[in-house]
Every structure is written in structure tokens, then in C-alpha cells.
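K.L.:
Whatever this is, show me its structure:
(chains A and B)
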There are 2 protein chains.
Amino acid sequence: MPGTLDDDDLASVDAWWRAANYLTIGQIYLRDNPLLRRPLRATDVKPRLLGHWGTSTGLSFVYAHLSRLVRHTGQQTLYLAGPGHGGPALVAASWLEDTYGDCFPAVTRDEEGMRRLFRQFSSPGGIPSHASVTTPGSIHEGGELGYVLVHAFGAVMDNPDLLAVAVVGDGEAETAPLEGAWKGISFLNPARDGAVLPVLDLNGWKISGPTVLARKDPARVRSLLEGHGYHVLEVGGHDLPGMHHRFAAVLAEAHERIRAIQHRARSGQAPEGVPGWPVVVLRSPKGWTGPGVVDGVQVEGTWRAHQVPLSGVAQDPAHLRLLEEWMRSYRPGELFDEQGRPTALVRSNDPEGPLRISATPHANGGLLTRDLVLPPTAGYAVEVGQPGATRAESTRRLGEYLRDVYRANPTTFRLFCPDETNSNRLGAVFEASDRTWMEATAAGDVALSPSGRVVEVLSEHNCHGWLEGYTLTGRHGVFATYEAFAMVSASQTVQHGKWLEEAENLPWRAPVPSLNVLLTSTAWRNDHNGFSHQGPGLIQTALTQRAGVARVYLPPDANCLLEVADHCLRTRSRINLVVIDKQPQLQYLSTGAAREHVARGASCWPWAGTDDGSADPDVVLACAGDVVTMETVAAAELLRDRLPQLRTRVVNVVDLMRLHRPADHPHGLDEFSFRELFTDSVDVVFAFHGFPGAVHQLVHGRPRADRFHVRGFIEEGTTTTPFDMVVRNRVSRYHLVLDALENASRLPVGAQDLRRWCLAQLERHRAYVVEHLQDLPEVRDWTPAPRQTGAQVTG
Amino acid sequence: MPGTLDDDDLASVDAWWRAANYLTIGQIYLRDNPLLRRPLRATDVKPRLLGHWGTSTGLSFVYAHLSRLVRHTGQQTLYLAGPGHGGPALVAASWLEDTYGDCFPAVTRDEEGMRRLFRQFSSPGGIPSHASVTTPGSIHEGGELGYVLVHAFGAVMDNPDLLAVAVVGDGEAETAPLEGAWKGISFLNPARDGAVLPVLDLNGWKISGPTVLARKDPARVRSLLEGHGYHVLEVGGHDLPGMHHRFAAVLAEAHERIRAIQHRARSGQAPEGVPGWPVVVLRSPKGWTGPGVVDGVQVEGTWRAHQVPLSGVAQDPAHLRLLEEWMRSYRPGELFDEQGRPTALVRSNDPEGPLRISATPHANGGLLTRDLVLPPTAGYAVEVGQPGATRAESTRRLGEYLRDVYRANPTTFRLFCPDETNSNRLGAVFEASDRTWMEATAAGDVALSPSGRVVEVLSEHNCHGWLEGYTLTGRHGVFATYEAFAMVSASQTVQHGKWLEEAENLPWRAPVPSLNVLLTSTAWRNDHNGFSHQGPGLIQTALTQRAGVARVYLPPDANCLLEVADHCLRTRSRINLVVIDKQPQLQYLSTGAAREHVARGASCWPWAGTDDGSADPDVVLACAGDVVTMETVAAAELLRDRLPQLRTRVVNVVDLMRLHRPADHPHGLDEFSFRELFTDSVDVVFAFHGFPGAVHQLVHGRPRADRFHVRGFIEEGTTTTPFDMVVRNRVSRYHLVLDALENASRLPVGAQDLRRWCLAQLERHRAYVVEHLQDLPEVRDWTPAPRQTGAQVTG
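P.N.:
Presented below is the predicted three-dimensional model:
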């Protein structure tokens, strides 16, 4: 493609840009009179003026030129607007490209459609102001700044023909997630992945102050980007048509450079480290082409252009006149015909069909999603006869399973992990794939190469964001992380949840693969790392999401984990949190029982309790989470052995949302099933993996909710022994026995002795652990006594 | 100070380093035989080997040389270990410097103390494995990676004589928060602030893979750091004593450069932008001086040195022998005398008294904390006669108050905000102080200069982390942010909470100023920004913290906000979340009533309801949060007007923790007071600012908790009108009336009519808002009708 604009191209690019800008202003200001057929009146103007003008023209400028690039090259292109609050620019583009009406048929590409387009923007019953899930062509919201590059990189992984153009605002460029995202190129293999072209849009200003990068010596900005490994292309100014010519040239150069890098890599030449991917640094005024001086104050090119540059139009006739002049300065007569349709001149800038940027199927990844080929879980199962007789590292089995998911789905599945794949016992995946790595390699490196597809970087923000980009473009994956540090990217979990929540309301958005988050190296077994590593807080965050989206699974052992994984990898448009530790742990359920248990979400474990189902038990021992399940089974055994007349029932919850009322969550147990498990009125000692408040809120409104006595992580931790962790948080087997005795509906003789014995055991533990620096042998080596059982689980 | 080591300095630096390394190994491995008086036996070794050797020697190496620098220059120095899991290195340093015993008297500086030192490390009843709150000289835990630079920058702000040396691990350097933290120098004024010297410790490896920066061409690393504005000094290798000489020279050069920068700035020369602050890039082997090859595999200089390089010592006599040889390689006989005390040679490297790095009072900032001078709140109050008769932007009043806090405390108070000070209506602070800014300024800049002390950067991570560093060194501040984006730094809130929680258990840690977080631009009034900006999730996170630390305040108006602010700025060692919106809002309480209300934390508002206190009301309308309080007051008025026989009580909760049971939180209302407010058994319609689950968990266990019908943010949002937001989330006045009617203990005649009317009003709203793009006039302009009242609040 030629780097020089000929007259035709210049005319069409410029007309398209003017049209987009006109439509942007219309969206911000007008409720009527979209074509200015009559002089603007105050009543044509919306009662509330909402929107962000400042960044919109820059976004449209880039878009106009990209369209030309696509027209000339046929390049499949995804456009991500980091300054997502420039939503009207993206909406305008989609309307101009005639994709908007495909999604919103009422918004036709004519005068009436334009009126609706304007009216609906930022309006009740309309669309939001950001480049959000309602915007065709978008996989990025841009409201919470920082993630445009991670989304772009995730989108192009294993997507060799895709170019993701990511506009980075200079406000966004100050955020930590964005600064941490430049290094995506260290993990991008040009032979196999697509390309990301960042456009750093230095318009100079945030809401009310300047930006760091815009005020730096340009040589320093170059130095910074070159340090990350980029080849920097710069363009700046506000002269027209000069800027058109210069930007077209730079864009062409960037694209040629990308193609050359890819061509070299795909010609079978050995990779030579991180290639010099281009980045464009664009310096143009904030609010470019908008009002220059308003009421004697400079607006264009300053922070005052951030939102609505003329705010008094409804009250001030002078402002209203300025608005009309401003809109007419784009010469709408050249841009829209008598019916309000874009003229041929404007349309001549558009690519054809699915090459139109807003029409790319990559931005509606569900359209491209294929089911994963999943191996049968039984092949990875732990052999379980007697419940609890064996120990295994559950996540190691999952690792073997994921290894074979990699093998069966070589280009549509990835594991993202902050340098913890081995630590989390998932290392078997390295038998199927190396870690991806474009930086230098060295003798002694293990499972590290450009062809690898396991993605490790010590950044939860990158891992989370890359997986979002990967799934939103229709591929599958898992983000595995230390449980406590899942909070590092909690805000991404929240924002991605919002995206999925809203997508549910849009029939044209095809469901995408779920965001699967494996929380391992959990609070209870970070006894070796200490308090900073002990925090099950993401569960709390997940509970704030809309029910359609959020799921929390707490498999107690390997076979349940495998069933949960198999389920989650088949779901669409969910956020699935799966919580299980990596250390050797007791294995309870056979494959068949595990499948039944996971399908139910919560079951009785009759072999663990003494309840024969003939009457209500005296107390229910419930549990959710691997370590606390072990404590519960141990407590039930103590009660059985030492107080055999007490009727106890053990209930394990693997799908936490089962506790919700059905009105609040589709997984919620109906009242009948809930009572069947937890009875009507018997007290429940509930040992929970996370903070007790999570269960408190879930059971609110259930019959006699205050009979749920929840033990869980109460923010007590340090570097200590595993059993000391449960003692410190008062969820040890002894504590659970004490709780059961305190709350049982009936107490057989001997209860008082047992109580004293438990207290003595706790004292014994405390003395022993300090003396011997390890746990009591009877705890350390404990496994449940073999028992004659029928079914391992019952409903 | 001389950049060249003479023989004496070399001997003492090297001996000190060897001693620290010896003590590090002892902490990881030994429970007994600390001085190796007899050959090591398996029983001398701990049953569980915990700790991180790989990073420890690098940390000690830097420390040893820093001590020398301090000795020669008298430089007050704070040391922050980014790789905080190198805790044993820091603990060893403190023991060598004889500060450890000041904090833990049982751990004496002799053989018995050394035995305890070893034994307690990572052991039950002992200390955790990280450079945590239990480590003298530390303000940084380093377990969750990414925050070492933000803590360092926060610590030196307004601390002109302090040098904060921040060791950045190359694993940590991959995290987003760390990458976003280099730009701290763009906000550091050498005339007024201290200096940060980052030492980027490229030892090459994370847990099991290489690091990006270590594998980059060194020229790129230089380019990256120079792009941020640093002057790069490099040193690398593992030869000894060569490394000692080279590192001493580089450290001296760095320090001289810092002094020169400060001298120039403090000599009254005009600032010239960001000076070229030095950064040291240190390349040394991971696990330096540790076992080279173990069982035929290279350990030193690889990821295998990350944790415990010889893991089989208890079982494998050959490993045990290797361990002993390794420890003896440091020549302990030269390092410790017959009593186990550090020899004069080792001690000769230590600075004197409070200059010892582990003794710096800056790391125990409570010792340096002075109370703020706080202006009387009345001076900023809104004049309130009739409750609800006026509207005001509450945070504007707070801004005026904070302006005067700035004036009265010119060097010990700062506001940190992601470019939203004006947006959050706190702009009055700019009358007292500019924004701090070391990058270039330009004509038209407003309130921007190197001498400013308001800190704005579009990074919640930086703002939060800087405030942490600022408060941990004994100064006061506020972090003000959009409510939704407080989740961006939620993990920092969690980790800082853990620090404060643990500090409570250490009598030698003096309480520090609280971390005050103002959540404004809230979910309910981000109707102009849309769904991404609507998320009250941080409250949920705060509820997971230990009761000693977490507080959540929801002032309903300006006067309550001022009282809450006054209170929070006087507290110590808390995390205070204060949630209030910035838009014009109704003002309810006079200064006196606000003071009483905030002191109580929750009160009846008798003027709003119809309850005369003579008997239980028929229904309680409770509320917490500004917007939902308005809806509640409006609902109560509707009930009063249209169903006057219904007895309603309005309760407002400003201190959310009042809802906790007293056993669970020191602010928890005792049973009697709780019943006085909420009765024993009457149903409570609770309109809550945040997610309903928060209140559900708080009231769990209160009498008949299921009578609490909580309405709140149920994750419904978009760009719309203010009232549409409360309608979408079913917490509008009409919804609250419907709830009251559904749950009241007694329904007067007319209830059914009112019910129908409310449903009709909701329909009317939905039609009106889509037609007119704004709210119904009767809602938009509503203020409570004037009423004869007695006290504005009652207990």
C-alpha cells in the first residue's frame, strides 16, 4: 500500500473523518434536527450534555486512516480504543460503516436513524457513553483505564492474520496496568501470532492536568518505548491536510514493517529475539477541530476539551450559535445526502464486508468459537476406593488433563500463569507446550521457546487481560494464580464481569468462552509463605457480580476438580472461579461419585457422618473447600468415635452458588432441596474455605439462617504449620467438634468429656508445634478410618 | 565518601556480608547448633525447611555496602526489600546491628539468641519468612510483589534528609504496579523531598523461569530506565572482591549524584525538570555464594536457588555435609566470638545508633508522628435549618476543610488523587497548594508546580502506595478516588490492612496515621459515565479485614462528612473508607446534629418518620449512603403523606461497622442499642449504598436477621439519569414504599392504593425518562416538606 495519499484517498479519508466528527458532536448534543435542516434551537439540544469530545477526534482520525489501510491491504483489523470514553467516535464509525443497523435495526442509516443515533447516546433506554459491549467492533470498554494493550495482545495470540490496533491515551499510559503491558511483545511470536500496533495518542491532557508522557522530552519517550523493544514512529501536529499525509505515511510504514516481520518469521527463518515491532506516537491536540476559544478561554488543545466543550448551549444563544457553526464547519452537505445517508465520498473510505473494522468477527468472538476437544476426565482420575484413604496433589492431575487439552486443541487453548505453573503442580502442560518466550534463551532453560503456548509472566494484570482478549476473540483458556494474588487483578475480574453481564442483553453478541480462574496455592496452605499469601478475597468479589455470570467452585479433591474443569471449559460467558490447593491432600470420591457430586453441587457424604436419613440429625456439619473439608471429615470421625449416639450429617458444597436462593442465582437450591440437605431447623456448623461473611450473605433469607454457624478464614495467618493455620482461624477439627457440641439439638452423655478433650488437644497442639516445629503426628498423618459405606454421595 | 574501598572497609563489608549470609542459612535450616560447635546432625535441622535463599545474598550485599555508605556519610537511610521473601537477610541484618533485641528481647545477640533467631524463623510461634511488619527497619512486606518503589517514593515525600534505597527484584519488575512506579521521580522535588535510589537486582530468575529484564540486551534496559528519566549505573559479576570494589564505587557515585542534585535544588536554583536521579542495575547470580552444583545439577545462578537449595539435608547425609561445608565457607570463626556475638570486624561495618539502617525511626513512623492541626469543622459547615431544605456539593466543603488542613500542616499532610481533585470537587486545596510536577510546565497550566504538594497521577496504584509510604513514615493523608476504581488498588488495601493488623500485635510498633480512602464519584451518580464507573466493591473487601483495622463511613451529607473527616484524620493505624458522592445533594443535619450522629454512628431521624417512640413502629426504614438516604427520606414522606396511620421509623447508619455484633467489631452496637434502633422484631427495609450482601453478612446473627430486607446496588447500571439508576437497582423511593408495605407489621387502609400508585409512578418514570431524557420533575426537584421537628437525631 502506498504511503502517500493521492487526492482521492485524501478526499475520502478527510470526508469520513469529518463525518465521524459531525456524528460525534451530534451524539453529545442533539436530540433532534440531526442534519441541521433548520437553525439549531435550544429544544434540539439534550437536557443533559454527556460525553467526551476531547479524545474522540483522535480516535476517529486513526480509524479513518486504518480503514484506508484495510481497503488497500485487506488486513483483518481489530480496533481497540484505550480512551473508551470516546465512545461516540466508535459508534459513529459503526453507523458510517453500516454495521450499526445490523445490531440495532431501529438505528437505520438515514436521517431518522441519525436522529435516533444522537438521541440514544448516553440516554436512558439508549446506549452508554463508552466504547462498550454495545459498540459493534469493540472488545474493549475503556472505562477503567489500563487494559487496552493486554486486550490487544490477548486477541492476537494464535490469530496470525489479525492486526490489533490499540490506541493508548496518554492518561491511560500513566496507569500501572498499561505500563506493565508494553512488554507483551516479549511473548508474541510473529510466526504464529498476529500483531499489535499501539498508537500512543499524546493529546497532552487528562481531566484537568497534563500527562507525564506528553510533557517529557520526546527523546525520552522514544527511549522508553525502545527499551521495551519497539521501533518508534512519530507523527504530530494539527495542520491539515499535512497531518493526513504524514499519518498515512507512518501507518503505511508501520504496516509494512509488521508484514516484513511476519514474512521473515513465517518463511521458516529462525526467530531472532523480539523483533522491532512498530509503535506510533501521535501528537495531536485534545479536542482537535473543536471550538478553539470559548468565552475568552482556550479550549481546543487543553484539558477543557475533555468532556463537553460548549456546555451552556441550552441557556446561552451565543453558545448555541457556536455549536451550529462548529457542526457546519464539517460541511455536512458533503457528507450526508438528502436522506441523511453517508455520501459516496464518505463511503468510499470504507472497506468491504467483514473487512470493515466494526464488522470484524474477531470483535464478536462467539461467532468464531469452536468447542474444545476435551479428553475424558476418567483418564486422569485418582483411584479412590475407601474415601480419604489416599493423598494426592489434585492440581497435578489437572495439569495432566490440561496437557492433553493443549494437545487436542493446539491453537485454541492457553494457560496463563504468573510464573507459577510448576509451583501450582500444573507442570505436565510443559510436556505438550513450552513457555512462550521471545527474549534471549540460554543454556539450561527449561521448557522455554518462541513456539511455546503456555504463557508465564509475573503479572496478574497481564495474565488476566491476555486471557480476556483471548476469550473475547473466541478462544479458550485458564488463568491460574496464587489465591491471594488474584486480588491484584480483582478489578479486571469485576470489569470483565460487567462486560459479560451486559453482553447477555445483546442478542447479536454470541456467547464467548468463559474466563476460568484457578485459585490455587490457597490461604490454608501458604503456611510456608505467610500472611501476605493468605487471602481468599476474590470469592467475596465474585459474589458481587450478576448471577448470570459468576460461579464459584470449591472441589474437595482431584476427581471433583477434574469434573469441575471439564464443566467450566464447556461453559460460555461465565467467570468461573475454581478454588483448590496444590499440596498433597486427601482424596474422597471416585470418578463416578465425583461426577454426581459436582452435578449436584452439594451432597451428603453418608460415610462421613452417622445420620442414616431416618430422622433429622442432631447437627449438620457442612463444608466447602478442600482443607476445611478434611477438618470436617475429621471432626465427624471424632464425634462418631467418641460420641456415637450423636447423629451427625456431613454435607459438602462444591458449587458455592447452590447456597443462593433460586431467585438470586440460577444455581440456587430450591427450598425443598435446601431443606433436604440442611434440614428445616437443625443447627449447621459450616466450615468454609473463605471469609465467613460470604456464607453469611448467601444464606440470608434461608429458613432460620442464624442456625448457620460459619467458620472460615478470619484473617489470622503467618508462616506456620498447616494445622496451626486451621487452629488460628478456629476451624480445626477440634473447633468444629466444639461448635457441634455447642449447637447440637441434643447432647448424649459424654459430650462434656469430649469438650474437655478437644480443649486439651488444642493446648497439646499449641505446645507441640512450638516445641517440634511441626504438627502433632495424629493430625499430620491422619486419614479417615475405613468404613463400610454405601454410596459415596447422596442427595 | 570515597568510592574506593580500602582494606579495612573491604574486610568489614565482606565480613558483615558473610555473617548475614551465615545467619540467613541458619534461619532457613537450623533449630540447634547455631555456631556449628559440633558437626551438624540431622536433628539440628528443622523438620520443615522454609525460606528463600535465592534473593537473600543480593539483599545482604546491598545492605552491607549501604551500611558502609551510611558510616561514611551519616546519610539517614531506609531500606526496602522488594523481594520481601528474602526476609532472613533483613532479620539477620537487624540482629547483627543489635536492633533485633530491642524489639524481641528474648533474641539476644549471643549464642542462645542466635539459636532462637534460627529456630523462630518461619516457625510456629515465631516470625514469618518475609521482610514483614515484625522486621525492624522495614516498612515493606514484599510478599505481594510490585509496591517497593511506591512505598519508597511515599516515604521520602516531604522527608528531605531521607534516602530510601529500594531493591527491585527482576521478578517484581515484571508486575504492572512496579512498572507503573518508576515515574515517581516525575513527582519528586529534590529541594523538599528526600531521594529514592532504586537498585534493580537482575539475578535472572523467578520461581522457575527467567525474567524479561535479565534477558534483554542491557542497552534496552538502560534505554527503558533513561526513558523514565534516570541516570543508569551498572555493576555486575560474581567475582570477589571485585564485586565489592565495583559496587562500592557505584553506590558512592549514586549517592554523590543524589547529593549534588539536592544541593543544587536547595541552593535556590530554579528547578530544571526531572533531574537525572541515579538507578543502580546490579547483575549478580541468584543464590550467590550458595551451593553451585547439587546432585549434578547447577543450582547457584539458576531458578533452582529460589527457595531451599539443599532440600534433603534431614534424610541425605551428603546434603547435610554440603550444608555444613557451605556454612563453614563463610568462616564463622571470624564472624562470631566464643559467646556467639558478632566480632569487632563484623560490627565495624555498622553505623552508630539511629543511623543503623534497621534502627531508623522512619521505619517505625509512629515514633515520628505528630497530630495534625485540624481546623474546627464548623467553619466549613453547610447552614442547615430544616432538614433537606438545601442542596450542596458535600465534597466541596471537604475540599475547603482540606485546604486549611494543608495550610496548618504544611509538611505533614498530602492529598493523593488520580487526576480527579477538581472532578471530585476538592479543588479548593489548590488555593493552598499546587499539584506537584517536575516535568515541563507550559503556559496555561493551572495549579501545577514543583512546589505543589497535591499529588495527582492517573494511577490508583501510585496514589495508594505513595500514601502508604507517607503514613508508614509518620505523616498523614487522604487518597481520594472514584469509587469504582478503588478496586484497582484493592489488593493494596488488603495488604496494607494485613500490615496494620499485624502491627497491632507488636508493642514496639508505634501506631501510624490511618490510611484514609475517600470514595467519591460513586456508583449512584456515575450516571454520566456508565457501568464501568459503577461499583461499590471496596466496601466488600474492607469487610474481610480484621476488626481492629477496617472502618467504613457513609456520611449522608456535608456536615456529617466533615465530622467523619475530622475523626478519621485523628485516628491511627486504621483503614478508613469514607463513601460520599460529589454531586449536589440534600443537606440534612446541622453541625451539632451531625456531630452527634457521627459519634453515635447510627441514629433515628425522627423528623423523617412518624414514629413517636411510644411503641414499636410498623416498619423501620433504614439507610446508609447519601443517595439511598434521600430515597429513604422521600419514601418516608410518601408514606407519611399517603398513609399517615402507618408508624414508620427512619434510621440512618453512618458508621457501617455499627451493624456488626460487638464480638466481631469494636464499633458493633450492643444488643440493647441495636434493638433500640431496629426493634426486636419489626421488619427493616434497609436501603444500602453498596451491594446488599454487605449488610446481609453484617446482620447475620442479629435477632431475626431475615427481617432485614436489603436493597442496594445490584449491579444494574449504564449511562442514564440519577433517578433511573435507583429505579434500575430497585432502591427508588417507590420501591422502598412497596417494600415497606410488603413487610410492615400492620397495614392501614389505603395501602393497596398506595401500592398501585407506586407501580404507576415507576411506569410513569420509565416512559418519561425515555421521552424527555431526564427525570420526572417531581423527583428531580424534590425536597422534603418542611416539618416541625424536635431533635434532628435521636439515639
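K.L.:
how about the nearest residue to A:Gln307 once chain neighbours are set aside, phi and psi?
P.N.:
Spatial nearest neighbour of A:Gln307, chain neighbours left out: A:His52 (5.4 Å); criterion: C-beta to C-beta, 6 or more residues apart in numbering or on different chains. Every residue, glycine included, has its C-beta placed from N, CA and C. Dihedral pair for A:His52: phi -120, psi 100, per degrees, to the nearest 10.
K.L.:
again with A:Leu49
P.N.:
Taking degrees, to the nearest 10 as the convention, A:Leu49 sits at phi -100, psi 110.
K.L.:
for A:Val308, same thing?
P.N.:
Torsion angles at A:Val308 (phi, psi; degrees, to the nearest 10) stand at phi -110, psi 110.
K.L.:
now A:Val517
P.N.:
Main-chain torsions, A:Val517, degrees, to the nearest 10: phi -120, psi 120.
K.L.:
Looks like it contacts A:Leu577 (just checking).
P.N.:
Yes: A:Val517 lies in contact with A:Leu577 (C-beta atoms under 8 Å); the separation is 5.1 Å.
K.L.:
which neighbours do those two share?
P.N.:
By C-beta atoms under 8 Å, 6 or more residues apart in numbering or on different chains, A:Val517 and A:Leu577 have these common neighbours: A:Leu538.
K.L.:
Those residues of the stretch 51-200 of chain A touching chain B, which are they?
P.N.:
Contacts of the stretch 51-200 of chain A with chain B, taken as C-beta under 8 Å from any C-beta of the partner chain, map to A:84-85, A:119, A:122-130, A:132, A:141-146, A:171-172, A:174-183, A:186.
K.L.:
Among those, which ones are in helices?
P.N.:
A:119, A:176-179 (DSSP state H).
K.L.:
Kindly indicate which of the residues you listed lies nearest chain B.
P.N.:
Nearest to chain B among those is A:Ala176, at 2.9 Å by C-beta to the nearest C-beta.
K.L.:
what about that closest one, how many neighbours?
P.N.:
Counted with other C-beta atoms under 10 Å in any protein chain shown, residues neighbouring A:Ala176 total 28.
K.L.:
Tell me if I'm right that it and B:Ala176 touch.
P.N.:
Yes: using C-beta under 8 Å, A:Ala176 makes contact with B:Ala176 at a distance of 4.4 Å.
K.L.:
Mind listing the shared neighbours of these two?
P.N.:
A:146, A:461, B:146, B:461.
K.L.:
care to break chain A down by domain?
P.N.:
As assigned by automatic domain parsing, chain A contains the domains A:7-358, A:377-584, A:604-780.
K.L.:
Same list, those domains, but as TSV with mean pLDDT and distance to B:Leu561 please.
P.N.:
Below are the domains of chain A laid out as TSV (pLDDT from 0 to 100; distance: least, C-beta to C-beta, whole Å):
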stretch	mean pLDDT	distance to B:Leu561
domain A:7-358	96	22
domain A:377-584	96	25
domain A:604-780	96	27
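K.L.:
Tabulate the ones you listed (TSV), appending distance to B:Val299.
P.N.:
Listed next are the domains of chain A as TSV, based on distance: least, C-beta to C-beta, whole Å:
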stretch	distance to B:Val299
domain A:7-358	26
domain A:377-584	11
domain A:604-780	23
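K.L.:
Nearest to B:Glu253, out of the ones you listed?
P.N.:
With C-beta to C-beta as the criterion, B:Glu253 lies closest to domain A:7-358 of the domains of chain A, at 21.1 Å.
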